[in-house]
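Asker: build me a model from this:
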Amino acid sequence: MSGGRLDFEHFWAHELDQHAAALDGVRRMLAPEFRRLVECAVRAIRGGGKLLFFGNGGSAGDAQHLATELTVRYVRDRPAIAAVALTTDSSALTAIGNDLGFEQLFARQIEALGRPGDLALGITTSGRSPNVVKGLERAKALGLVAAALTGGDGGAVKRIADPCLVVPATAAARIQEMHILLGQMLCGALERELGLVAD
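Answerer: I've put the predicted structure just below:
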């Protein structure tokens with residue numbers, strides 16, 4: 001195995017500079033779309049609905065993380081907020097993948113669990129994950145709010161999701177870092193907007 005030693009100082013500065021640039025882009029560009037996402041989520045919960053989170057790999061982890069923050073608590077104890085991650089039921093995931101195809105992984109669950117007025121939030125760094133795209137298409141067709149966290153040029157989800165928060169970065173790691181930040185900000189904003197936690 002060949003390769004050079006890590007230039008630690010360069011690596012350290014480069015990673016943090018990329019992170020700072022992504023954060024600066026989010027700060028400058030995404031406030032209006034984030035506000036719309038919060039408004040849609042508040043409307044869904046106040047209307048007796050729920051939030052459905054989904055994505056692949058690290059984005060699946062984010063989906064589970066955010067659904068847990070809402071159903072349990074974010075900062076302080078308060079009433080539960082209805083949220084589900086469509087990435088956790090191994091029986092459903094393997095049956096759908098085997099019987100219907102991996103591309104139907106989220107669309108089928110949205111068909112079963114989603115109701116008009118719910119909010120479906122697809123998370124994909126590229127915006128091109130076929131199962132996330134199909135999930136958002138099915139959500140929209142069924143009368144759910146189809147929203148997304150993505151990055152780069154927004155990919156295919158940009159034409160489907162509304163609201164759609166496109167992180168202005170190209171490195172997957174930096175996009176994922178902004179996704180979990182935005183997701184946790186959504187949790188905090190929801191708690192306050194719903195009157196469950198005081199500032």
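Asker: Glu39 versus Ala189, what's the distance?
Answerer: Applying C-beta to C-beta, to the nearest Å, the value for Ala189 to Glu39 is 10 Å. C-beta: built from backbone N, CA, C; applies to glycine.
Asker: those two: which is more packed in?
Answerer: Ala189 (18 against 14; other C-beta atoms under 10 Å).
Asker: now that one: which helix or strand?
Answerer: Here Ala189 sits within helix 172-193, counting by DSSP states H and E.
Asker: what lies in contact with that helix?
Answerer: For helix 172-193, contacts defined as C-beta atoms under 8 Å, 6 or more residues apart in numbering pick out 18-19, 21-23, 26, 30, 34, 37-38, 41-42, 45, 58-59, 62, 65-66, 69-70, 74-75, 78, 81, 123, 125-126, 149-152, 165, 167, 169, 197-199.
Asker: show me where this protein has strands.
Answerer: Remark: strands assigned in the chain by DSSP state E are 51-55, 83-85, 119-123, 145-151, 164-167.
Asker: give me the number of residues near the closest residue to Ala198 other than its chain neighbours?
Answerer: Once flanking residues are discounted, Ala198 sits nearest to Arg192: 7.8 Å by C-beta to C-beta, 6 or more residues apart in numbering. Neighbour count for Arg192, taken as other C-beta under 10 Å: 14.
Asker: then Asp17?
Answerer: By other C-beta under 10 Å, neighbour count at Asp17 equals 10.
Asker: how far away is it from Ala172?
Answerer: Distance of Asp17 to Ala172, computed by C-beta to C-beta: 17 Å.
Asker: same question, Val166
Answerer: The gap separating Val166 from Ala172 is 14 Å, by C-beta to C-beta.
Asker: which residues are in contact with each of the two?
Answerer: In contact with both Val166 and Ala172: Gly151, using C-beta under 8 Å, 6+ apart.
Asker: in terms of neighbours, single out the busier of these two.
Answerer: Per other C-beta under 10 Å, whichever of Val166 and Ala172 has more neighbours is Val166, with 23 against 15.
Asker: roughly how far does that one sit from Ser126?
Answerer: 11 Å.
Asker: between those two, which contacts overlap?
Answerer: Contact criterion C-beta under 8 Å, 6+ apart; residues bridging Val166 and Ser126 by contacting each: Thr150, Gly151, Gly152.
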